[in-house]
Every structure is written in C-alpha cells, then in structure tokens.
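Peer 1: missing the sequence, but the structure's below:
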Ligand code: HEM
Ligand SMILES: [Cu+2]
C-alpha cells in the first residue's frame, strides 16, 4: 500500500537522501528540489519585476516628470514586462509542475531528471544577463516587452544583443522543461491512470507543454532575425532595405498569443483542483473541461493578429481574426460555468487557497469580458494601446496567473513543508492583495476609455485622479507580497503539523503520501482504480 | 426675490462644480464627432452591457452558493457532476450572442475601411517625435510639435489646461468633408489616434496605410501617438482643428502664400544675428528633445553638441550629419524635414551657441549647394 520509501532507512546510501550544502542544489536531479528552486527563483523575479512596477507607478502618481526620465521609464516598463512574463509566471508554473506532476500521476520523478537540472540552471544565468543590461552603456532594452522592430533593431540600444541572447536561453530552458513534462506524463503515469482520469492540473500542463514546444522556437526565430538585422546586414524588418516591419509583428504574435495561454492554462488546472476540494464536491464537467482547454489551445494559434488590428491588414484578415477571437470566448465561458456549477450546492469553506481560487474565477472573468470587448475589431481601434489594454491583461495575469499560483502555493504548502501555514496571515494576504489589485487595475479601464495611451511616463491633467488611486492600490498590492515571504518562511520553520491529507475535500495521489512529502516518493507505482 | 436669485446662483455653481469634477473622473468612452466614432461607441456600449448581463447571472449564481451553500452552515454537498443538456445550452447561448454581436461589428468595420471618394487627402508622417501633415492636393505641409514648455513638464511652472495635448501647428480640416489620411512613418512605427474621430492607425515606415474621417462639428480634437516609439513617445500629441469650409479655404490660401514666402527667404541675404535668432527657434523644436536646450545631450545615446568636434571643426561633416542623419542611431536626416533656411540657421546656431563660438556662418545657399552636390 505505502508507495513511499522511508528515507531514514537509507541514510548511509548517498542516492536516497539529499546531498549536503550547495552541491545538493547545484547538482540535484530530484523533482522536488528542482521544483523548490523554480518556485524560489520565480518569486524573487516577481519581487524584482514588482519593484520595477513600483517605479512605474511612482512616476505615474502625478502628472509631470518627478522621479525618472522618459528613457529610464521605458526601460522599466520593458524589464517589468519581460521579467514578469518570463521570470515570474512561467517559472512558477514549471516549479509547480515539477513538484506536483510526479506526485499527481504516481511517478517517482520527472522522466528526464538530468535535463530538468539543466533547464532550471539556465534560467538564473539568462536573467542575470538580462538584468545586467540595466548597467550597460545605453541602458537596458527600452522597446516594450513586445520589442517591435525597427524600434528594437535599427533604433535599439547596444544592450539589445544581450537581450536577444537572454531570450534564446529562456527559450531553451522552457523547451527542455516542456519536453520533460510531456515525457513524464506520457510515460510515467501509475498503472490504471488513463488519460481521462488524470487530474486537470496534469491535463492543462500537458497541453501547455505542447504550446511551449510549438511557439518557443518561433520566438527564437524572431529574435534571431533581429540579431541578423542588427549585426549581419540583413533587412528582415528594415523597410529601407526592402524588409517589412509588420512581418515582425506577425511572427512575434504567432508566438505571443499562445504565450498568453501558456501563462493561464496551468492556473486553470490548479483552480480546477482547488475549487472541488473546498466545495467538497466533484468537479463539474470534467470531460468538457479537458475539451475546452484543448479548444482554447488550438484556437490560440489562429487569433494572433487581434493584437494588430490597427496595422492596416486587409479587411478580410481583420474579419477572420475577429471571428476566431470571439470564438475563444465559448470554451472559456464553459470553463467558468463549470467552476461555478462545481461550487453550486457544494459545502463551501474559504481557506486561503479557496479565497484565491474564487477571486481567480471572478476577476479572470472580468479580464475575459474586457478581452471580449477587445475582440470587437472596430471597438479595438479605440481601445488598442491604451490603459484599457493594460487593465485587461493585468486582470488576466495578476488575479489570473498570479492568484492561481498563490492558490496552488497555499493548497500544497502543507504537502511541501509538513506544516500548516498561518491561516489568519494567509487570509490577510488574500484580502490585502485583492483590494490592492482592484484599486490598482480597475481604474485603468476608465483611464483607457478616457483616452490615456499606455507606455507613457507623463499624462494630461484629466487622467490625474485615477492614476493616483491606481498607484496607491499598486503600492498596497506590492507591499502585501512581503507578507507572503514571511508566511512561507514561518510555515517552513514550523507550525501545526500537517496531516497527509490536510484538506478534507481534496482528492488525488499527492494526498496519499505523508506530509512533508519524503525525498523519494512512488518508487513502486500506486494502483489507480 | 433675492433668495431665489441666490438659490439659482448656488444651483448653477453646484452644477458647474460637479461638472468640472466629473471632467476629472471620466469613466467611459466619448461618442465622438463622426459617424464611425458613434458606431464604435454603440458597439462598445452593446458589448459592455452584454458582459454586464452575463456577469450578473454568473456571479449571481456564484454568490448565492457562497452565501447559502456553506459548510459552516451545515450544508450537505450535492453530488451531481455533469449534466449534458445544461452543458450544451451554455455552449450554444454564448455562441448565439457572439454571432449577434459580430454582425454590427462587421458592418462598422467595412465602413471604416471604405476610404473611397475622399475630397481631401492628407499625408500623415510620424517622426521621432512629431507629426508631419502634407496637404497633397495643395502642395504644402508642415510639422506639428508638442508646444507644452519643459518647465511645465518638470513641475517648475503651473501646468496649463491642455498640458501635453497642445501643439504649435494643429492639423486644420474642414467640417462635413470626407478626408482621407495616408499614414506612414520616417523612422519607427507610430500610431495616429484621435478618439473623437474614431481614427487610430499605425504609421509604419515603408507602408502607406489609409483611413478616413468626416468630422461633423467644428472644434478642437486632441489625441496622442499610441505606439511606443522611443523616448518621447508620450510627448507627441495630435491636435485636429475642424473649421467651417470658408475658414478652411482662407487658411489654405494663407498656407500656400506662406510656403511661397519661405522659398523666397532662401534667396535673401542673411546676417549672423538673424541666422542665430532663427536657429535657436529651430533648434528648440527640432533638436533640443535629444541634445538638450543647453547642448549637453544625454550621452551616450544623444551626444553633447557643446564642444563637440563635429560641430566646431569641419563644416561639411557637420552638414552631413544634420542633412543625412547618422544611420543606425536616433539622429534623423533633417535634409527633407527642414527648409534650407532652417538648416542654415540651425547649423549656424550650433556652431556659435553654448561657447562653441566658431564665428562660422552657413547660408541657405551653401546648404542648397551642399544638397545639390550629393
Ligand atoms: C504589483 C503589480 C503590478 C503593477 C502595479 C503593474 C503595473 C504595470 C503598469 C503600470 C504597466 C504599464 C506600463 C505602461 O504601459 O506604461 C505594466 C505593464 C506590464 N505588466 Fe505589469 N504590473 C504588475 C504586475 C504584473 C504581473 C504580475 C505581470 C505578469 C504576469 C505583469 C505584466 C506586465 C506586462 C507584460 C506589461 C507590458 C509591458 C510593456 O508595455 O511592454 N505585470 N504593469
Ligand atoms: Cu510616436
């Protein structure tokens, strides 16, 4: 019955316990260690990217230039976006995948442990290089996280080359991570765990991994074309040499749109675990959830140009991308309805994971609504590149991706650390984040509709009031995240002992092993009925 | 009687107060002053209300569960977990709503793309960081620069009402005429946006994009560049002044006469002082954004001009940089942007300002000769 290897019997055996000191982390091939490193790394990046957001919001607190010059402001928005997307959200999901996928499918580890070590350790190097551009002459990349050519090629700062190399490294890391996830899920499922019995978190990650493999090479391609334009005399994106600046946008968004689903699908999966657990009721419509994720992933390949409605595409293209984008609302709606139906007539309780998960459903849906509005091409001409868009994508990223990650962290912390976190502090963290986040981002809808463009360091006077509110909310949200650091440290250090299954409504193999999860688990596969 | 007057006074005061307060708390898009902008506004409101309605239903059910179906109240969970027809219904209903929404959206889009039969063509060119408007049929054109003083931006002066949304030369258009805009850019991608006209279109180097507007009411309409285009992206507003036809015609005549005068200026004899005076103006609008008013630049991206060898040594090298730009950097080719007079003036100014004191003078004729020799 017990699929657990008791590490105490094997202390003499080097292979069965963690090594000591730094080499444990440097050379580890253990999915739990690697998952932990991913999570710590991504949270560090979240704080760094968050600090840059605080710089942005401080400058925007009042009209006029007070704190930074426009050049530096542009570097801040660019680095904030890049760090949040590639440094905070994506690695956090890979960390969760590393920790949880083997535990959820009853596998002893990831399928390719040595590569797993590599895909993690490439990341700190890539980000060290990216962040070092801030100290280079000419400054860091300043062309937005979308780095449109020719602003990023002919007109880019010298550090662009380092940015390109950093993106290449991140891409390699992501692809290796994705291959590992796929290999693990396809090969290492416990006997009896058919595809349609897999937990949704595993399903969503499987689909996400395919998206990653499909689009990260496209990103690598587009930055390589930039590299060629900058250093090797080509003119892919340089109109002066016969190239096409709009080509850049097509290639970038062919990567970029699936990328935004990469940042949300694993959160869908996690929330689909958490809501049933705290509703004490099975997930409503498991099969339709799986099909909906698949449909979203497929559609995400044919909607990229909805980011480009104003570039002057032929009207037929415009219509095609508008219709396909509107279509994505259908499977997304199905998911939301299923979550609500899961809660309906359940026996709900609201511990921190559930609070974050419910807020996820509500606020992600609001982000989905503004997304639907943006899909209406004629209306998008007014919304595009304004704060309405900033509001939209922060509603899907902050209470979407980030709240999904927090929900997962609270849900599985007892399993990781063997202790319960401090529930009161967890709830405080939630409510402060919730209020701060809405204060920061809701007024941005109004700003955008009133006509404030995005990526500007200074603005006309009629935008002053909402900007001030937004900044206050952002400071509140930012400061609150330090509380999370404290909660986690406190939980690692001690606290009420966690049972193997600390949540009475939770289901899944991860709850059949003790808390904290031993260093090695499922050396003999469990039987799934 | 007096109390009544006072009441009326108070009432109007309160009204105007609340109005000015409202102006600062705008929460919605404005309908604008063209057919297209009003259609867009209609679509925006329709889809907004659809979203609100769906939100009320979905969140309503959710909050009901949150309030009523709590474990702490002893509620026992049901155990249904699928229901085929419910699932089919909530797939089909949203689909139907979307189809209903797509129809008017398609109609508006087709209308926006119909640039045929325009009565006036204006070419709009984006530069880092200003707009140029060319009246193609009338053969004149001019630049439109931000006119907000640096002192307001750096909080040394009280900000005026149109802070950051004001320019030296607005785009002047007649009301009631279909105007076609031909958009392009000289350096990076910009995007020309005037919310009240419902027009936003990217200005892309190497491309010419088309869009149009037929303004119905005279007035001043303000917008901004909406594509990140470098350092001063936030400082390149668009101002459109819509006037009645007669006023527009008179203005066009004036512009044509001025263009003629400008050409005459080139053959006039210029003194050093005259050139310096004009040069300072040109410098402040065209160059100071990067090289700073005191010539100190912001190295390394934007080099200092005070004491720079290019500016103090060989005149031809100086002409080359200003006329042809420096490729691969933000230094543009000003040869086509500025008249010979302005080029001569600004070069003379740079060679003598901020302690450069070379005493050199460059005349419009020398600039013309230099250009012709290329
Ligand atoms: C403390 C929370 C945050 C605050 C206050 C914040 C604030 C901002 C602001 C004001 C901008 C707009 C800058 C501009 O366009 O001028 C921005 C851009 C952006 N943010 Fe955030 N943000 C936060 C968290 C996040 C998170 C968690 C993510 C991603 C997961 C994220 C992703 C982005 C991206 C991709 C951009 C676009 C960058 C660009 O324009 O190139 N942000 N953020
Ligand atoms: Cu611009």
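Peer 2: Looks like it came in fine. From a predicted model like this one, the values you see are computed outputs, not experimental measurements. Ligands and ions are numbered 1, 2, ... in the order given.

Peer 1: all helices of the stretch 301-450 of chain A, in order?
Peer 2: Counting by DSSP state H, counting those that start in this stretch, the stretch 301-450 of chain A has these helices, from start to end: A:315-343, A:352-375, A:377-383, A:387-396, A:403-417, A:423-450.

Peer 1: again with chain B
Peer 2: Remark: helices assigned in chain B by DSSP state H are B:2-24, B:35-68, B:84-113, B:150-153, B:245-265, B:272-286, B:288-291, B:309-312, B:315-324, B:340-352, B:364-373.

Peer 1: Give me the buried positions along stretch B:313-331.
Peer 2: Residues of stretch B:313-331 classed as buried by neighbour count (16 or more other Cβ atoms under 10 Å in any protein chain shown): B:315, B:318-323, B:325, B:330-331. Quick note: C-beta positions are derived from backbone N, CA and C, even for glycine.

Peer 1: same thing with stretch B:269-284?
Peer 2: Residues of stretch B:269-284 classed as buried by neighbour count (16+ other Cβ under 10 Å): B:270, B:275-276, B:278-280, B:282-283.

Peer 1: can you narrow the residues you listed to ones near ligand 1?
Peer 2: Counting by Cβ under 6 Å from any ligand atom, nothing from these sits close to ligand 1.

Peer 1: Contact partners for residue A:58?
Peer 2: A:66-67, A:471 (Cβ atoms under 8 Å, 6 or more residues apart in numbering or on different chains).

Peer 1: top of the residues you listed by neighbour count?
Peer 2: Most neighbours among the contacts of residue A:58, by other Cβ atoms under 10 Å in any protein chain shown: residue A:471, with 21 neighbours.

Peer 1: show me the contacts for residue 65.
Peer 2: With no chain named, the answer covers chain A. Applying Cβ under 8 Å, 6+ apart to residue A:65 gives the contacts A:59, A:457-458, B:153-155.

Peer 1: Let me rephrase: I mean chain B.
Peer 2: Shown in contact with residue B:65 (Cβ under 8 Å, 6+ apart): A:340, A:343-346, A:348.

Peer 1: Which among the residues you listed count as buried?
Peer 2: Buried among these (16+ other Cβ under 10 Å): A:340, A:343-346, A:348.

Peer 1: how close does residue A:358 sit to residue B:301?
Peer 2: Here residue A:358 is placed at a distance of 48 Å from residue B:301 (Cβ to Cβ, to the nearest Å).

Peer 1: Neighbour count: those two, which is higher?
Peer 2: Each of residue A:358 and residue B:301 has its neighbours counted (other Cβ under 10 Å); residue A:358 has more, 26 against 18.

Peer 1: worst-scoring helix or strand of chain B, pLDDT-wise?
Peer 2: helix B:2-24 (a mean of 47; mean pLDDT, DSSP states H and E).

Peer 1: Show me what residue of chain A gets nearest to ligand 1.
Peer 2: Closest approach between chain A and ligand 1, counting by Cβ to the nearest ligand atom: residue A:81, at 2.8 Å.

Peer 1: Local confidence estimate at that residue?
Peer 2: Looking at residue A:81, its pLDDT reads 97.

Peer 1: how close does the nearest residue to residue B:256 once chain neighbours are set aside sit to residue B:247?
Peer 2: Excluding its sequence neighbours, the residue lying closest to residue B:256 (Cβ to Cβ, 6 or more residues apart in numbering or on different chains) is residue B:140, at 5.9 Å. Applying Cβ to Cβ, the value for residue B:140 to residue B:247 is 17 Å.

Peer 1: Quick one: buried ones out of the contacts of residue A:65?
Peer 2: Buried subset of the contacts of residue A:65 (neighbour count, 16+ other Cβ under 10 Å): A:59, A:457-458, B:153.

Peer 1: shaky segments in the stretch 1-150 of chain A?
Peer 2: Under the criterion pLDDT under 70, the flagged ranges of the stretch 1-150 of chain A are A:1-16.

Peer 1: swap the cut-off to 80 and go again
Peer 2: Applying pLDDT under 80 to the stretch 1-150 of chain A flags residues A:1-19.

Peer 1: just the stretch 401-529 of chain A next, same as before
Peer 2: Residue ranges of the stretch 401-529 of chain A with pLDDT under 80: A:529.

Peer 1: For chain A, give the helix that spans the most residues.
Peer 2: helix A:200-231.

Peer 1: For that one, which helices and strands make contact with it?
Peer 2: helix A:90-105, helix A:160-187, helix A:245-262, helix A:265-279, helix A:286-299 (3 or more Cβ pairs under 8 Å, 6 or more residues apart in numbering or on different chains; DSSP states H and E).

Peer 1: Enumerate the positions of the last one that are buried.
Peer 2: Read it as helix A:286-299. A:286, A:288-290, A:292-297, A:299.

Peer 1: now do the longest one
Peer 2: Counting neighbours by 16+ other Cβ under 10 Å, one finds that the buried residues in helix A:160-187 are A:160-164, A:166-182, A:184-185.

Peer 1: How about the secondary structure of residue A:234?
Peer 2: Classification of residue A:234 using DSSP: H, G, I helix; E, B strand; the rest coil returns coil.

Peer 1: And residue A:364, how far from ligand 2?
Peer 2: Using Cβ to the ion, to the nearest Å, residue A:364 is found at 33 Å from ligand 2.

Peer 1: Compute the distance between the nearest residue to that residue once chain neighbours are set aside and residue A:363, please.
Peer 2: Residue nearest to residue A:364 in three dimensions, not counting chain neighbours: residue A:400, with 4.4 Å by Cβ to Cβ, 6+ apart. As judged by Cβ to Cβ, residue A:400 and residue A:363 stand 7 Å apart.

Peer 1: These two: which has the busier surroundings?
Peer 2: residue A:400 (27 against 22).

Peer 1: show me what contacts that one?
Peer 2: A:263-264, A:267, A:360, A:363-364, A:367.

Peer 1: Number of residues surrounding the residue lying closest to residue A:346 once chain neighbours are set aside?
Peer 2: If the residues on either side of it in the chain are set aside, residue A:346 comes closest to residue A:279, at 3.0 Å by Cβ to Cβ, 6+ apart. Look at residue A:279: counted by other Cβ under 10 Å, it has 28 neighbours.

Peer 1: wait, which of the helices and strands packed on helix A:200-231 is closest to ligand 2?
Peer 2: Nearest of the helices and strands packed on helix A:200-231 to ligand 2, taken as Cβ to the ion: helix A:245-262 at 13.6 Å.

Peer 1: count of residues packed around residue A:145?
Peer 2: By other Cβ under 10 Å, the residues close to residue A:145 number 16.

Peer 1: let me redo that: residue A:463
Peer 2: 25.

Peer 1: Next up, the contacts around the residue nearest to it when sequence neighbours are not counted.
Peer 2: Excluding the flanking residues, the one nearest residue A:463 by Cβ to Cβ, 6+ apart is residue A:452, at 4.8 Å. If you count contacts by Cβ under 8 Å, 6+ apart, residue A:452 has them with A:386-387, A:459-460, A:463.

Peer 1: cool, residue A:99 as well?
Peer 2: A:31-32, A:35-36, A:39, A:412, A:416.

Peer 1: Repeat the analysis, applying 6 Å as the threshold.
Peer 2: Residues in contact with residue A:99 (Cβ atoms under 6 Å, 6 or more residues apart in numbering or on different chains) are residue A:35.

Peer 1: Now do the same contact list for the closest residue to residue A:414 other than its chain neighbours.
Peer 2: Excluding its sequence neighbours, the residue lying closest to residue A:414 (Cβ to Cβ, 6+ apart) is residue A:498, at 3.4 Å. Counting by Cβ under 6 Å, 6+ apart, residue A:498 touches A:414, A:418-420, A:515.

Peer 1: ok, now residue A:150?
Peer 2: Shown in contact with residue A:150 (Cβ under 6 Å, 6+ apart): A:237-238, A:245, B:188.
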